[in-house]
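S.K.: sequence and predicted structure below; questions after.
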Amino acid sequence: MSSRRTTPIPVGILAAVGVAFLAIPLVGLLLRTPWSRLPELLSSPVALQALRLSLVCSLSATVIAVAIGVPVAWVLARSAVPGTTFVRALVTLPLVLPPVVGGVALLLAFGRRGLIGQFLYDWFGVQLPFSTAGVIMAEAFVAMPFLVITVEGALRSADPRFDEAAATLGASQWTVLRRVTMPLIAPALLAGTVLAWARALGEFGATITFAGNLPGVTQTMPLAVYAALDGDRDAAIALSLVLLIASLAVLLLLRDRYLRSAPS
Amino acid sequence: MSLASQLRVTRDSFTLDLDLDVPDGEVVGLLGPNGSGKSTALRCLAGLSPLAQGRVQIGDTIVEDASRSTYLPPERRSVGYVFQDYLLFPHMSVADNVAFGLRARGVDKRTARSRAGEWLERLDIADLADRKPRQLSGGQAQRAALARALVTVPDLLLLDEPLAALDAATRASVRALMRSHLADFGGAVVLVTHDPIDAMVLADRVVVLEDGRAVQSGSPADVAQRPASNYVAQLVGVNIVRGDALEGAVSLTQGGSVHVADSRISGPVIVAIRPEAISVHRKQPEGSARNAWPGRVTSIESRGDVVRIEVASEPPLAAIVTPGAVASLGLHEGASVWLSVKATDLDAYPT
């Protein structure tokens, strides 16, 4: 029997519209997928290059985000350094910053005439823009905040007295971090890492601005989709499908965190 | 001397000012109400909170000396710490928890595991080695925490309310177990508690801490029989009154007087009146009791097979009587009674 808490009709209609709005494009993508040509489309040189590049760049960016993002999260959560509020705002900014602005900023900093880029080029001959390294930088730039936010939250809610207990047992600060603090926040670290990876995988705006769209060098999947849309629409759809599946996989992996939050 | 310390800490309006020396093999019970500074003292000894002034020596090592800016962090002090809620690492098995201190101090994995195993054996929890802390009962977790703190054979063992988190039934058995392990330990032990029974059973010496200062120190029996403060008197269930003694008569600070058997004591004294020694009557007692006060019953409370009554007399006193006496005297709240106690049952001692 239905309970007395029925849904008001206008709310129900608008909710249905909302769900349809989100679902129909995805259904459309599935309906228009040229399933029989899929193996052929995905094994074309351009697609394979984009797949490989996306995988390499997003994983590298994730490693970088974890390596420098976790320390940032730790400092924000645990240290008494003044100005953490400002640093937190700064670190979180790429979350809301239009990616293309991030790309422009990266270009101004690391471009050949940029703040740091000019020295990199003059002294070492290193040129980051329009290189695979540039893609990794752009992806790490937009992905790291997801990791920092997630890990910082976990560090804040973890009981620091476990660290104290470990110290009284003779553990150095480094041992405490390695064997107690980090294992205690492992679930959040995993979630943050996966989120950061998903964000890196889908990165478009900062990448195309900072690293360009060179097949085999900087053309990751989202860029390849964009490029293919003008010519081979089926190829664009096939690559989009791969990205959709990757996103679904991430969602499933994080289902405990995001899908189970509503009380049943 | 295994622990020699002078602890001075100031935080907001609170000041801890405590000298605590504990020889090897002695268990000192730090007894005090909440906020008296007991836990702060433990944290200072372990190095988890810095001292404002003073010093701490554990074994032969001066681990902290505020005047010389000497400070060894917790991981470099030979201290075992059992926390009130145990703080077993939730992501490790019991065996790994116990082996942690050895591993952190550079003992190789196999040796650490086997020595942890010995301690699990000693504390009778070897069958729980592979469990996670969340799968343990309170008593089991307490043993695991004790094993974890003892496995490194520290010079100083700190116990913060070790039995407070246990239910009454478990408490008694863990207390007994703990007593035997503390006796075997051999190092200095500081035990923080607000439970007088824990302190009486486990400690060789009790230090009563109030408002950051030691107000009394002595054997458990001494502290229980001759409380120096109202807090301890209430805790151990003894009436105390203060006054000036002269030739066997004590004129009380709060008015009235009592007679004690000891006629030589003089000056400011505390008189302990055990509730069991007080007789309750409906009429003014005749005969030899020289200490008799009229009063009105303010509360009657059953305590197992005895009854504790409180009487608003001068001074106000608590007496313990049998349920039979309550019935035969017809006692009720508001009843007027006379209390009497023999001079030989009063214990007067200098403040």
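M.R.: Yep, that arrived.
S.K.: the stretch 1-150 of chain A: helices as residue ranges?
M.R.: Applying DSSP state H, counting those that start in this stretch to the stretch 1-150 of chain A gives helices spanning A:9-31, A:38-42, A:45-78, A:84-96, A:99-110, A:117-119, A:132-157.
S.K.: is the longest one anywhere near chain B?
M.R.: No - no part of helix A:45-78 sits near chain B under the criterion CB under 8 Å from any CB of the partner chain; the closest distance found is 15.1 Å. From N, CA and C alone the C-beta is placed, and that goes for glycine too.
S.K.: what are the buried residues along that helix?
M.R.: Using 16 or more other CB atoms under 10 Å in any protein chain shown as the test for burial, helix A:45-78 gives A:46-47, A:49-51, A:53-54, A:57-58, A:60-62, A:64-66, A:69-70, A:72-78.
S.K.: who are the packing partners of that helix?
M.R.: Secondary-structure packing of helix A:45-78 (3 or more CB pairs under 8 Å, 6 or more residues apart in numbering or on different chains; DSSP states H and E): helix A:38-42, helix A:84-96, helix A:132-157, helix A:186-202, helix A:221-230, helix A:233-253.
S.K.: just give me how far that helix sits from the chain centre.
M.R.: Relative to its parent chain, helix A:45-78 has a centroid offset of 8 Å by CA atoms, centre = their mean, to the nearest Å.
S.K.: and for stretch B:220-234?
M.R.: That offset, for stretch B:220-234, works out to 11 Å (CA atoms, centre = their mean).
S.K.: kindly format the C-alpha coordinates of it as CSV.
M.R.: Below are the C-alpha coordinates for stretch B:220-234, written out as CSV (Å, rounded to 0.1, in the frame of the first residue of the first chain):
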residue,chain,number,x,y,z
PRO,B,220,45.6,3.1,50.4
ALA,B,221,44.7,2.1,53.9
ASP,B,222,46.0,5.4,55.3
VAL,B,223,44.1,7.5,52.7
ALA,B,224,40.9,5.5,53.3
GLN,B,225,41.0,5.8,57.0
ARG,B,226,42.3,9.3,57.4
PRO,B,227,41.1,11.3,54.4
ALA,B,228,42.6,14.8,54.2
SER,B,229,40.0,16.3,52.0
ASN,B,230,36.2,16.3,51.6
TYR,B,231,36.6,14.8,48.1
VAL,B,232,38.5,11.7,49.5
ALA,B,233,36.2,11.5,52.5
GLN,B,234,33.2,11.3,50.3
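S.K.: go ahead and name everything in contact with that stretch.
M.R.: B:29, B:31-33, B:196, B:199-200, B:203-206, B:208, B:210, B:215-216, B:218, B:235-236, B:238-240, B:270, B:272, B:347, B:349, B:351 (CB atoms under 8 Å, 6 or more residues apart in numbering or on different chains).
S.K.: residues contacting B:T111?
M.R.: Contacts of B:T111 (CB under 8 Å, 6+ apart): B:L102.
S.K.: roughly how far apart are it and B:L128?
M.R.: Applying CB to CB, to the nearest Å, the value for B:T111 to B:L128 is 21 Å.
S.K.: so which bits of chain B are right by chain A?
M.R.: Neighbours of chain A within chain B, by CB under 8 Å from any CB: B:46-48, B:73-77, B:79-81, B:83, B:87, B:89-91, B:100-101, B:104-105, B:148-149, B:152.
S.K.: count of residues packed around B:R76?
M.R.: 14 (other CB atoms under 10 Å in any protein chain shown).
S.K.: phi, psi of it?
M.R.: phi -110, psi 10 (degrees, to the nearest 10).
S.K.: how near is it to B:G138?
M.R.: From B:R76 to B:G138 the distance is 31 Å (CB to CB).
S.K.: helices of chain B, start to end?
M.R.: For chain B, the helices defined by DSSP state H occupy B:38-46, B:94-104, B:109-122, B:138-150, B:168-185, B:196-202, B:220-225, B:230-236, B:323-329.
S.K.: CSV for those, including mean pLDDT?
M.R.: Listed next are these as CSV, based on pLDDT from 0 to 100:
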stretch, mean pLDDT
helix B:38-46, 94
helix B:94-104, 96
helix B:109-122, 95
helix B:138-150, 94
helix B:168-185, 88
helix B:196-202, 89
helix B:220-225, 91
helix B:230-236, 89
helix B:323-329, 91
